[in-house]
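In: Just need the structure, nothing else, for what follows:
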Amino acid sequence: MILTYCYKIKPSPEQIAIMERWLELLRRHWNYALGQRLDWLNRTRSPIDRCSLISEPIGEIPEPVNYYTQQAALKETKRLFPEYKQIYAETQQVNLQRLNKAWDRWRKPDANGKRGGRPRFKKAGELRSFVFPRINSSKAGAHLADGILKLSRIGSIPVVMHRSLPIGFTLKQCTIVKKADGWYCCISMKDDTVPELLPIGSVKSAVGIDVGLEKFLTTSDGEAVPIPQFYRKAQDKLAQAQKAMSRRVLGSNNWKKAKHKVALMHLYLTRCRKEFHYQVAHWLCGKYDLISHENLNIKGLARTRLAKSIHDAAWGAFLEILQAVAVKRGLLVQEVNPRGTSIECFNCGSRV
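Out: Modelled structure (predicted):
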């Protein structure tokens, strides 16, 4: 089992300047490495309806560009640009690994034949995290002990340990994230033990749930959870804040302040929605051993005129949280084909 706990950290102004400098340098390196890959792709592309091996000469075939060639070039990058020597080496390697994963998702289809979008160049401020791939090991760049996080080339940073780390888990990596309200460290942990799922024969209570827009969900026992509509209730204030930002001069200090205010509002809405999802998930898992729900095509439903309400309810995020909470408790969550689940009218017998 893999868990990730996020804690707020309180770096000094000097440490904040270092981390922001790291993010900017990593962003530039991402863009340069992505440009290398796209340039190689364009130079090796040969349209089938225009290629002629007889009348057209074949130019020099460029060397392939991949993660290994770009990782080997890090030494030359540090020689040409000495500021990259300030960044922890493994953090730069993870930055290239992220790009490599995004590239593979675009170039190679998955088991269902679907591919991701093309990796994009990142504007200033769009890269908001960097990773120390090892923590609390002999050669790790990050060490966490007694509420203090020691990062290589950054220093010791106090951590707000609002909850203790679980016993029996091995710390795997540390991700430093910049959010609208400050800096956070996300600690990924792994435990080789797998929770034993409850056998079907031992299920004592089962329920089916149906998510909706009038009520967030309704159980087969007749209980209903009201929908909070966090975005609907806050969209007027959010519109005012966005309108105020649009009136500022782009890039000015006042524009940055207005943008920060909008980001804080979005962060607050995200956290409210996530907290609500966890409360409902724990309520269901504390009451039932087996929970069934429809396997909905949420992306398709979100293309209708109800898109704003569907995105506000965030059914997909809730079902993922429900699955995670059930696995931790050793309970069962199963998907049901929505085809044919409608009820019959008691008066005429037709499908409703």
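In: Arg273 contacts Phe230, doesn't it?
Out: Yes: when contacts are counted by Cβ atoms under 8 Å, Arg273 is listed as touching Phe230 (5.3 Å). C-beta: built from backbone N, CA, C; applies to glycine.
In: what residues do these two have in common as contacts?
Out: Common contact partners of Arg273 and Phe230 (Cβ atoms under 8 Å, 6 or more residues apart in numbering): Asp312.
In: Spatially nearest residue to Ala206, not counting backbone neighbours?
Out: Nearest residue to Ala206 in three dimensions, chain neighbours excluded: Leu290, at 3.9 Å (Cβ to Cβ, 6 or more residues apart in numbering).
In: what comes up buried for stretch 262-277?
Out: Using 16 or more other Cβ atoms under 10 Å as the burial criterion, the residues of stretch 262-277 that qualify are Met265, Leu269, Arg273, Phe276, His277.
In: And the contacts of that stretch?
Out: 179-181, 228, 230-231, 234, 237-238, 241-242, 245, 312, 314, 317-318, 321-322.
In: Ok, stretch 312-326 next?
Out: Here stretch 312-326 has contacts from 211, 213, 216, 227, 229-232, 273-274, 277-278, 280-282, 284-285, 291, 293, 296, 298, 332-333, using Cβ under 8 Å, 6+ apart.
In: just how off-centre is it within its chain?
Out: Distance, stretch centre to chain centre, for stretch 312-326: 14 Å (Cα atoms, centre = their mean, to the nearest Å).
In: quick one: the strands in the stretch 1-150 of the chain?
Out: Shown for the stretch 1-150 of the chain, the strands assigned by DSSP state E, counting those that start in this stretch span residues 2-9, 129-132, 142-145, 148-151.
In: what's the closest of those to Thr175?
Out: strand 129-132 (4.9 Å; Cβ to Cβ).
In: mind listing what's buried in the closest one?
Out: Per 16+ other Cβ under 10 Å, strand 129-132 contains these buried residues: Phe130, Val131, Phe132.
In: so where is the stretch 201-350 of the chain shaky, pLDDT-wise?
Out: The model of the stretch 201-350 of the chain has pLDDT under 70 over residues 341-344, 346.
In: right, and Val207 touches Gly286 too?
Out: No: between Val207 and Gly286 there is no contact under Cβ under 8 Å: 11.9 Å.
In: the more surrounded of the two?
Out: Val207 (16 against 10; other Cβ atoms under 10 Å).
In: Quick check: chain neighbours aside, which residue is closest to the more buried one?
Out: Nearest one to Val207, counting by Cβ to Cβ, 6+ apart, is Tyr288 at 4.5 Å.
In: So what's the residue count around Arg303?
Out: Around Arg303 there are 10 residues (other Cβ under 10 Å).
In: Give me the distance between it and Lys150.
Out: Distance from Arg303 to Lys150, counting by Cβ to Cβ, to the nearest Å: 48 Å.
In: Over to Ala224: give its phi and psi.
Out: The phi/psi pair for Ala224 (degrees, to the nearest 10) reads phi -130, psi 140.
In: Distance of it relative to Pro338?
Out: Counting by Cβ to Cβ - Ala224 and Pro338 are separated by 19 Å.
In: same deal with Arg107?
Out: 33 Å.
In: returning to what we had before: tell me the buried residues within the contacts of stretch 262-277.
Out: Phe230, Tyr231, Ala234, Leu238, Ala241, Met245, Asp312, Ala314, Phe318, Ile321, Leu322.
In: Could you list which of the residues you listed belong to helices?
Out: Phe230, Tyr231, Ala234, Leu238, Ala241, Met245, Asp312, Phe318, Ile321, Leu322 (DSSP state H).
In: which residues of the stretch 51-200 of the chain fall in helices?
Out: Ranges of helices within the stretch 51-200 of the chain are 67-72, 74-80, 89-107, based on DSSP state H, counting those that start in this stretch.
In: now for the last one, which elements pack on it?
Out: In terms of contact count using 3 or more Cβ pairs under 8 Å, 6 or more residues apart in numbering; DSSP states H and E, helix 89-107 is assigned the packing partners helix 13-44, helix 67-72, helix 74-80, strand 129-132.
In: what element comes up after the longest helix along the chain heading to the C-terminus?
Out: What stands out as the longest helix in the chain, according to DSSP H, is helix 253-287. Next helix or strand after helix 253-287 toward the C-terminus (DSSP states H and E): strand 290-294.
In: now for that next one, which elements pack on it?
Out: strand 206-211, helix 315-329, strand 332-336.
In: residues of the second one that come out buried?
Out: Meaning helix 315-329. So, applying 16+ other Cβ under 10 Å, buried residues of helix 315-329: Trp315, Phe318, Leu319, Ile321, Leu322, Gln323, Val325, Ala326, Val327, Arg329.
In: Only the buried residues of stretch 26-35, if you could.
Out: So stretch 26-35, judged by 16+ other Cβ under 10 Å, has buried residues Leu26, Arg27, Arg28, His29, Trp30, Asn31, Ala33, Leu34.
In: looking at it, the fifth one is touching Leu127, isn't it?
Out: This points to Trp30. Yes: the criterion here is Cβ under 8 Å, and Trp30 meets it with Leu127 at 6.5 Å.
In: So, low pLDDT: which residues of the stretch 51-200 of the chain?
Out: Low-confidence segments of the stretch 51-200 of the chain (pLDDT under 70): 51-59.
In: rerun at 90
Out: 51-64, 111-112, 138, 167-168, 191-200 (pLDDT under 90).
In: List the contacts of the nearest residue to Ala89 once chain neighbours are set aside.
Out: Of all residues not flanking Ala89 in the chain, Leu74 sits nearest, at 7.4 Å (Cβ to Cβ, 6+ apart). With contacts defined as Cβ under 8 Å, 6+ apart, the neighbours of Leu74 are Tyr84, Ala89, Gln92, Gln93, Leu96.
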